[in-house]
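J.: the following comprises the amino acid sequence and a computationally predicted model.
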Amino acid sequence: MSNSGMTFQLISEIRNQLRCLGARPAHEQRILRLWSQAKPQNSGSRPLESFMPAGLRQALPELSDKLANLLRLQSAHPAEDGSVRWLLALQDGQTVETVGLPRDGVCVSSQVGCAVGCVFCMTGKEGLIRQVGSAEMVAQVAFARLHRPVKKVVFMGMGEPAHNLDNVLEAIDLLGTVGNIAHKSLVFSTVGDARVFERLPLGLVKPALALSLHSTRADLRVQLLPRAPKMSPEELIEAAEIYAQQTGYPIQYQWTLLQGVNDTEEEIEGIVRLLKGKYALMNMIPYNAVDDLPFKRPSWERAAEIARTLHRRGILTKLRNSAGQDVEGGCGQLRARQIQAAAGESQLANAEKPIHFVKAKPATVL
Ligand code: SF4
């Protein structure tokens, strides 16, 4: 059977194609394993003729091409900290950012754009353009593996994984089985969504959970993450704690430190109140300032002081820089630059409108 014309964005579509070509489960798993691990399809000592049906064998070169062409490199931006940002074009020309992280990690994008609209995020400014398919997510990992070892995959790139849950879980399932990534080294990062807390415990592969908290004040959190599901910080932490106890991995709370916004004494008290005694790790990441957004990065001294205070008061806290600080390190900046270059300044100026309320009413943010 010819496989010409086949296209796919989903792992389930690849599986269907393989079955149409006569693949049995073991063939299917082998092909997906080699692809996700960035190995050639003729790897191994046994000749393909000895175990693979002829139709499937003949289709393999075209299939390999299709898998390799799920995305192509648009630009690469290595940084001094050992990370590298790749701007990758999908088959329809849309672009996503993928980041090779220091210590064998890769950060994957789950959506083109994002509907949550976090006011400090370039990706949030453009809204949701389209979902990234599960195969396109695994393709980001396979691409990274062509360039460096990958032992950890974090779904912290462009997009909110909870808004593309079926695709993200399908990718996680593959990466945590034939993709050879340890379950606790797969990190599902979310602003928090009831569906996540329902679905993650049911999966065969249970990833670690990172929860973007950013504030312990419900009112401020709504302003910073305007279209996140309406769960209070207390409700989020309660649901996350149950998952931490189920899996045995701590919840990784994410906190982008914005000068004068969420680096206050009130927030330190709030974090201690909500996280004391929880199975949790607080990751504080000083904001990576960009010209197009009105937020400022607190000094490293202030950030270190907050981290020390939290530590002293019993909250395990790590102070981190976002990877690739020196190369458009914030989420969505590379893509925004590319769009800016393509479309001209006027289009970007229009895209800035949603954040103006923060400048106009600072008292409500502080
Ligand atoms: S920070 Fe994450 S969730 Fe918020 S808008 Fe950006 S991509 Fe979406």
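T.: Received it, and whenever you're ready, just let me know what you need.

J.: where do the helices sit along the stretch 201-350 of the chain?
T.: With DSSP state H, counting those that start in this stretch, the ranges of helices along the stretch 201-350 of the chain come out as 218-224, 233-247, 265-275, 300-312, 333-343, 345-351.

J.: ok, of the ones you listed, where does mean pLDDT dip lowest?
T.: Out of these, the stretch the model trusts least by mean pLDDT is helix 345-351, with a mean of 33.

J.: what about the strands in this structure?
T.: Taking DSSP state E as the test, the strands found in the chain are 71-78, 84-90, 95-101, 105-107, 111-113, 128-131, 152-155, 186-190, 208-212, 251-257, 280-286, 317-319.

J.: got CSV for the helices of the stretch 201-350 of the chain, with distance to the ligand and mean neighbour count too?
T.: Placement of C-beta: from N, CA and C, glycine included. Compiled in CSV, the helices of the stretch 201-350 of the chain are given as follows (distance: least, CB to the nearest ligand atom, whole Å; neighbours: other CB atoms under 10 Å):
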stretch, distance to the ligand, mean neighbour count
helix 218-224, 9, 17
helix 233-247, 14, 17
helix 265-275, 18, 17
helix 300-312, 19, 15
helix 333-343, 11, 17
helix 345-351, 13, 11
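
J.: that older thread, same list (the strands of the chain) but as a markdown table, adding mean neighbour count.
T.: A markdown table is the format used below for the strands of the chain (neighbours: other CB atoms under 10 Å):
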| stretch | mean neighbour count |
| --- | --- |
| strand 71-78 | 15 |
| strand 84-90 | 21 |
| strand 95-101 | 25 |
| strand 105-107 | 25 |
| strand 111-113 | 22 |
| strand 128-131 | 17 |
| strand 152-155 | 22 |
| strand 186-190 | 24 |
| strand 208-212 | 23 |
| strand 251-257 | 23 |
| strand 280-286 | 21 |
| strand 317-319 | 18 |
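
J.: make TSV from the helices of the stretch 201-350 of the chain and add distance to A194 to it.
T.: As requested, the helices of the stretch 201-350 of the chain are arranged in TSV below (distance: least, CB to CB, whole Å):
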stretch	distance to A194
helix 218-224	16
helix 233-247	8
helix 265-275	18
helix 300-312	28
helix 333-343	29
helix 345-351	30
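
J.: now for these, which one comes closest to H77?
T.: Proximity to H77 (CB to CB) singles out helix 333-343 among the helices of the stretch 201-350 of the chain, at 6.8 Å.
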